[in-house]
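Trainee: the following comprises the amino acid sequence and a computationally predicted model.
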Amino acid sequence: MSKDLYIYNSLSRNKDLFQPLNAPFVGLYVCGPTVYANVHLGNCRTFMFFDVVYRYLTHLGYKVRYVRNITDVGHITSTFDDGVDRIGQQARLEQLEPMEIVQKYTNYFHEVMRVFNNHSPSIEPTATGHMIEQIEMIKKILDQGFAYEVNGSIYFDVQAYRAKYPYGELSGRNVEELYENTRTLDGQDEKKFFADFALWKAASPEHIMRWPSPWGEGFPGWHLECSAMSTKYLGEQFDIHGGGMDLKFPHHESEIAQNTACCGKGPVKYWMHSNMLTVNGQKMSKSLGNSFLPHELFAGDHPLLEKGYTPQVVRFFMMQAHYRSTLDFSNDALNAAEKAYERMMSAYESIEQCKPSTESDADISALEARCYAAMGDDFNTPILIAELFEAVRLINGCKNGQQALTAEQLTHLKTIMDHFLMDVMGLQAPEASADHELPNVMMDAVFAVRKGLKERKDYATADLLRDAFAERNIVLKDTKEGGEWTYEKK
RNA sequence: GGUCCUGUGGCCGAGCGGCUAGGCAGAGCUCUGCAAAAGCUCGUACAGCGGUUCGAAUCCGCUCGGGACCUCCA
């Protein structure tokens, strides 16, 4: 069975066979959040997807070092001279210390990541914690002649860089064309060339976040931290760099330029970009005001929402679309995902109830191979889910005696579900089984009573019992053996 | 304006030269005291117009619609 993995590489614009630089080790870097506000669902999609990348590589047996940074300084609202640091701005707004802002929104971010069942990264470095590395990197770029100083700020010299290396390869930008469209904005700038970007900004007297440097007090540019931290923890060259599509330019393009200027070679073998989550066809973003916060979605506490959805349903919903497609967020789609998720999970949980046969015409190994093929084809989770519904069909068929499965096949199906549903896609069963133990014992008695009533053909009382539970959101379902029950929230 | 992506059945969403995607919703059947669940079967599809091809949802051209990026963004 082939477990080859093909990854769509934004740099080559091709699905490339994944071959790690130093197997079995894999370096994975993902641009994390700027912690100046609560992460919204669009952000979560990216982190959830790269969690699946991390999980699948790990499942394949790679030793993955997953680095995802926290941007806690340097993310300025524009690179012009009046640019404001997002963290500093929010600190003034909320009348808190910048580090209080950082802590507050980092906490929320971590809580959301946990609730969505994302694995923690191996290393979660912060920009403020790597000031020395960033300053050292600037020195190297200066030494190589690809940066210059103006009034205590250091800018990356795109023209000097372009004379030696290609610039704009990742995003397909043409500097001349960019210039055509930006020259009007290029006013009283201290940069030599419009496309130059800040590596270090001198801090104005009122600027709160500031660090000493060889060029005076200031703060690092946004793009620099990722270059410095990925180099520190993953080396000058590493395997996979991920992030949202909107980071391709200028952020990732600048990263490539910084690393290349510093080390003479491009840093990343496979660039991966996940597409946007949209609302009514438009990108979900904080600035457009159409973003959902995770807790609003769970509680259904938002004008555009009819009801709440559990984190697991949301995760399943995200997995039903390919990461390179935009995904539109709607009540209908979420409702459909909820139903699908519940069907999937109830089949998963009922594998033990299947009675094995001695013979079977089902080909479970082929099913497993198709699961690997789906994931191997650029992490195609929608196809994987379609294959897992084939497993659902087999399990349900077996449960009501229409499909013969051997004991080995049932175990195999359980393994496949465990691997792909739980380990790879990071889904979880709706509720912990421990909570079910006592209610189950009680419900067994209820079903015994109903059975007696039905045998006496006292259907009215039997229905009364069922209705009484239904009023309390507990749905009773009769089966041949007795009954099943579920919570059904409204 | 530039660069790029995209338009699939009632809805979501894969596929991207020939072979059923899948889910949700809908119809019929089986099972069932009824119901629910589950299984089986079914329906209608590839924006429009041309072209290439034995064959196009898939490739090419044009038209129309939607979106992203072009120094805030996951």
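Mentor: Great, that's in hand.
Trainee: what's the neighbour count on residue A:439?
Mentor: Here the number of neighbours of residue A:439 (other CB atoms under 10 Å) works out to 13. Every residue, glycine included, has its C-beta placed from N, CA and C.
Trainee: that one - that's part of a helix, no?
Mentor: Yes: assessed by DSSP: H, G, I helix; E, B strand; the rest coil, residue A:439 belongs to a helix.
Trainee: any idea how far residue A:486 is from it?
Mentor: Per CB to CB, to the nearest Å, residue A:439 is found 11 Å from residue A:486.
Trainee: kindly report the same for residue A:321.
Mentor: The separation that residue A:321 has from residue A:486, given CB to CB, amounts to 27 Å.
Trainee: can you map out the helices along the stretch 301-450 of chain A?
Mentor: Remark: helices of the stretch 301-450 of chain A, listed N- to C-terminal, are A:311-319, A:331-349, A:364-376, A:381-399, A:407-417, A:437-455; assignment by DSSP state H, counting those that start in this stretch.
Trainee: which strands and helices sit next to the last one?
Mentor: For helix A:437-455, the contact count by 3 or more CB pairs under 8 Å, 6 or more residues apart in numbering; DSSP states H and E identifies helix A:459-471, strand A:474-478, strand A:483-487 as packing neighbours.
Trainee: in CSV: these, plus mean neighbour count.
Mentor: Rendered in CSV, the data for those read as follows (neighbours: other CB atoms under 10 Å):
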stretch, mean neighbour count
helix A:459-471, 13
strand A:474-478, 14
strand A:483-487, 15
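Trainee: possible to save these as CSV with mean pLDDT?
Mentor: Shown next, in CSV, are the helices and strands packed on helix A:437-455 (pLDDT from 0 to 100):
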stretch, mean pLDDT
helix A:459-471, 91
strand A:474-478, 88
strand A:483-487, 83
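Trainee: okay if I get the ones you listed as JSON lines plus distance to residue A:365?
Mentor: Below are those laid out as JSON lines (distance: least, CB to CB, whole Å):
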{"stretch": "helix A:459-471", "distance to residue A:365": "42"}
{"stretch": "strand A:474-478", "distance to residue A:365": "33"}
{"stretch": "strand A:483-487", "distance to residue A:365": "30"}
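Trainee: what would the ones you listed look like in a markdown table with distance to RNA strand B?
Mentor: Supplementary listing: these in a markdown table, determined by distance: least, CB to the nearest atom of the strand, whole Å:
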| stretch | distance to RNA strand B |
| --- | --- |
| helix A:459-471 | 3 |
| strand A:474-478 | 3 |
| strand A:483-487 | 7 |
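Trainee: tell me which of those sits nearest to residue A:356.
Mentor: strand A:483-487 (20.2 Å; CB to CB).
Trainee: orientation of the closest one relative to helix A:459-471 in degrees?
Mentor: Here strand A:483-487 points in a direction 30 degrees away from that of helix A:459-471 (axes from the mean of the first three to the mean of the last three CA atoms, to 10 degrees).
Trainee: ramachandran coordinates for whichever residue of the stretch 1-150 of chain A sits closest to RNA strand B?
Mentor: Sorted by distance to RNA strand B under CB to the nearest atom of the strand, the residues of the stretch 1-150 of chain A start with residue A:42, at 2.3 Å. Reported as degrees, to the nearest 10, the phi and psi values for residue A:42 are phi -60, psi -50.
Trainee: so who does it touch?
Mentor: Residues near residue A:42 by CB atoms under 8 Å, 6 or more residues apart in numbering: A:244, A:276, A:277, A:283, A:284, A:285, A:291.
Trainee: do the same with residue A:375
Mentor: Residues near residue A:375 by CB under 8 Å, 6+ apart: A:5, A:56, A:381, A:384, A:420, A:424.
Trainee: inside helices: which ones of the contacts of residue A:42?
Mentor: When helices are assigned by DSSP state H, not one member of those lies inside them.
Trainee: what about the closest residue to residue A:60 other than its chain neighbours, how many neighbours?
Mentor: Ranked by CB to CB, 6 or more residues apart in numbering and with sequence neighbours excluded, the top spatial neighbour of residue A:60 is residue A:3, at 6.0 Å. Residue A:3: 13 surrounding residues under other CB under 10 Å.
Trainee: now do residue A:363
Mentor: In terms of burial, residue A:363 registers 10 neighbours under the definition other CB under 10 Å.
Trainee: what does residue A:143 give?
Mentor: Other residues within reach of residue A:143, judged by other CB under 10 Å, total 11.
Trainee: now do residue A:263
Mentor: Residues within reach of residue A:263, counting by other CB under 10 Å, total 18.
Trainee: now the one 3 residues further on
Mentor: The criterion is other CB under 10 Å. On that basis, residue A:266 has 19 neighbouring residues.
Trainee: so how far is residue A:34 from residue A:378?
Mentor: Counting by CB to CB, the gap from residue A:378 to residue A:34 is 28 Å.
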